[in-house]
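Colleague: Kindly generate the corresponding structure for this input.
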Amino acid sequence: MAFGWIDEQASARRRAGLVRTLRPRPADSPLLDLASNDYLGLARHPEITEGAAEAARRWGGGATGSRLVTGTTELHAELERELADFCGFEAALVFSSGYAANLAAVTVLAPHGSLIVSDAGNHASLIDGCRLARGTTQVVAHADPEAVRKALATGGGLPAVAVSDTVFSVDGDAAPLVSLAAACREFGAGLVVDDAHGLGVLGDGGRGAAHASGLAGAPDVVVTVTLSKSLGSQGGAVLGPAKVIDHLVNAARTFIFDTGLAPAATGAALAALRLLRREPERAARAREVARELHTRLTASGHEAVRPDAAVVSVRAPSPDQAVRWAADCRAAGLAVGCFRPPSVPDGVSRLRLTARADLTRGQIDRAVGIIGDTRP
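Modeller: Coordinates of the predicted model:
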């Protein structure tokens, strides 16, 4: 029977308690949101929604084609110039998603005969980029520059690139970027980092982790970002030297063969970027809220990982209890994330809280109270 194996896998998921389901949310959800990635509280900000609406009115509902045909508008070029300038890089290239941006950066910068050194805690999009690249991938211990150095030493002078998140999405810990860059430079390797959780939160006014580490604009550093988190929109981008961006335009399959980012998302991201320039304090506030959540939760006896950005991870006793804990939080009016195997390779289930710059003192009190009251 065609696709009969799907029934077997579905049964296995049910037995393991790992079934995933879609949960459509209403436009005006009553839940206090600590589950989304809207770190700066911009997704529903009037300036951002108007930026989306104005772009749709002017440019239409869709990009109408791939970026190399009809899918590049003046608005895309404007966003790319302002993103590169804000983050301190020579050039930028916008993609339809952060996932597509990561696939492009890794596959294009790791050709046949090259070595890719990938952090064990990397996001799935970087992992998939490594799988699709024609180079050889070596996975190394999490956030360990010495492990990267040893792996690069085995490359025998072949072209090499190290790949890492800047802020890891599960625990919210930051990569040691300065040490990683030093290891790469010792062997003439490039460094590709995914700053999805750093843009808008880390660095001067939210300019990102590479900017905070003094690596922005370096000729051997490429940064990918998403427009769907701090900027409250959708899409992704690659930032780096102009020659790298030109190479992506000519060689990246997720750019060449994909429809361009919709005008509304482009306009929203541009509006958010301009608002962040005017209100740089939002980045510091997001970090402040994360630290307060961590302090309050650990003081209450929870095992929480100290946040380096805006993600706060709270350990749960087991996968089943993590799912039940998240469901009980939701029933009490609080939306939180729930990470469990196989999404977390270390086998430790967690609640994942995302701090937002627009959370009030009362909302923080309420969130901490609900998490404590529903603790398994």
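Colleague: helix, strand or coil for A237?
Modeller: With DSSP: H, G, I helix; E, B strand; the rest coil as the basis, the three-state label of A237 is strand.
Colleague: where do the strands sit along the protein?
Modeller: Assigned by DSSP state E, the strands in the chain fall at 32-34, 91-95, 115-119, 136-140, 160-165, 190-194, 221-226, 236-240, 311-315, 334-339, 350-354.
Colleague: could those be laid out in CSV, adding distance to P26?
Modeller: Just so you know, the C-beta spots here come from the backbone N, C-alpha and C atoms, and that holds for glycine as well. Shown next, in CSV, are those (distance: least, Cβ to Cβ, whole Å):
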stretch, distance to P26
strand 32-34, 12
strand 91-95, 30
strand 115-119, 38
strand 136-140, 41
strand 160-165, 32
strand 190-194, 31
strand 221-226, 25
strand 236-240, 27
strand 311-315, 25
strand 334-339, 12
strand 350-354, 20
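Colleague: Let's have the ones you listed in JSON lines, adding mean neighbour count and distance to Q321.
Modeller: Below are these laid out as JSON lines (neighbours: other Cβ atoms under 10 Å; distance: least, Cβ to Cβ, whole Å):
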{"stretch": "strand 32-34", "mean neighbour count": "21", "distance to Q321": "19"}
{"stretch": "strand 91-95", "mean neighbour count": "24", "distance to Q321": "38"}
{"stretch": "strand 115-119", "mean neighbour count": "26", "distance to Q321": "28"}
{"stretch": "strand 136-140", "mean neighbour count": "18", "distance to Q321": "29"}
{"stretch": "strand 160-165", "mean neighbour count": "26", "distance to Q321": "27"}
{"stretch": "strand 190-194", "mean neighbour count": "28", "distance to Q321": "30"}
{"stretch": "strand 221-226", "mean neighbour count": "28", "distance to Q321": "31"}
{"stretch": "strand 236-240", "mean neighbour count": "28", "distance to Q321": "34"}
{"stretch": "strand 311-315", "mean neighbour count": "23", "distance to Q321": "10"}
{"stretch": "strand 334-339", "mean neighbour count": "21", "distance to Q321": "10"}
{"stretch": "strand 350-354", "mean neighbour count": "26", "distance to Q321": "10"}
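Colleague: mind checking which of those strands is nearest V323?
Modeller: Nearest to V323 among the strands of the chain is strand 334-339; the distance by Cβ to Cβ comes to 6.0 Å.
Colleague: chain center to the closest one: distance?
Modeller: Computed by Cα atoms, centre = their mean, to the nearest Å, the separation of strand 334-339 from the middle of its chain amounts to 17 Å.
Colleague: Can you give the strand pairings for that strand, parallel or anti for each?
Modeller: Note on strand 334-339: by DSSP bridges, its sheet partners are strand 32-34 (parallel), strand 350-354 (antiparallel).
Colleague: Quick one: closest of the strands of the chain to L18.
Modeller: Of those, nearest to L18 by Cβ to Cβ is strand 334-339, at 11.3 Å.
Colleague: which outside residues touch that closest one?
Modeller: For strand 334-339, the external contacting residues (Cβ atoms under 8 Å, 6 or more residues apart in numbering) are 29, 31-36, 170, 313, 322-323, 325-326, 329-330, 349-354, 366-367, 370-371.
Colleague: swap the cut-off to 6 Å and go again
Modeller: Contact with strand 334-339 is made by 31-35, 170, 322-323, 326, 329, 350-353, 367, 370, as judged by Cβ atoms under 6 Å, 6 or more residues apart in numbering.
Colleague: Would you mind giving the orientation angle of it with respect to strand 311-315?
Modeller: 70 degrees (axes from the mean of the first three to the mean of the last three Cα atoms, to 10 degrees).
Colleague: With just CA atoms, put strand 334-339 into PDB.
Modeller: Extracted in PDB, the C-alpha atoms of strand 334-339 (Å, rounded to 0.1, in the frame of the first residue of the first chain):
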ATOM      1  CA  LEU A 334       0.100  31.900  29.300                       C
ATOM      2  CA  ALA A 335       1.600  30.700  26.000                       C
ATOM      3  CA  VAL A 336       5.100  29.200  26.300                       C
ATOM      4  CA  GLY A 337       7.200  27.100  24.100                       C
ATOM      5  CA  CYS A 338       7.900  23.400  24.700                       C
ATOM      6  CA  PHE A 339      11.100  21.700  23.500                       C
END
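Colleague: Run a quick neighbour tally on G51.
Modeller: If you count neighbours by other Cβ atoms under 10 Å, G51 ends up with 26.
Colleague: Could you count how many residues lie near the residue nearest to it when sequence neighbours are not counted?
Modeller: Nearest non-adjacent residue to G51, counting by Cβ to Cβ, 6 or more residues apart in numbering: A271, 2.8 Å away. By other Cβ under 10 Å, 25 other residues sit near A271.
Colleague: same thing with the one 4 residues further on?
Modeller: L275: 18 surrounding residues under other Cβ under 10 Å.
Colleague: re the thing from before, for the strands paired with strand 334-339, which one sits closest to G301?
Modeller: Among these, the nearest to G301 by Cβ to Cβ is strand 350-354 (14.3 Å).
Colleague: list the buried ones in stretch 209-228?
Modeller: 209-213, 215-218, 220-228 (16 or more other Cβ atoms under 10 Å).
Colleague: Pull up the gap between the closest residue in space to D358 that isn't next to it in sequence and T354, please.
Modeller: Spatially, and ignoring its direct neighbours in sequence, D358 is nearest to G41 (3.1 Å; Cβ to Cβ, 6+ apart). Distance from G41 to T354, counting by Cβ to Cβ, to the nearest Å: 11 Å.
Colleague: That'll do, ta.
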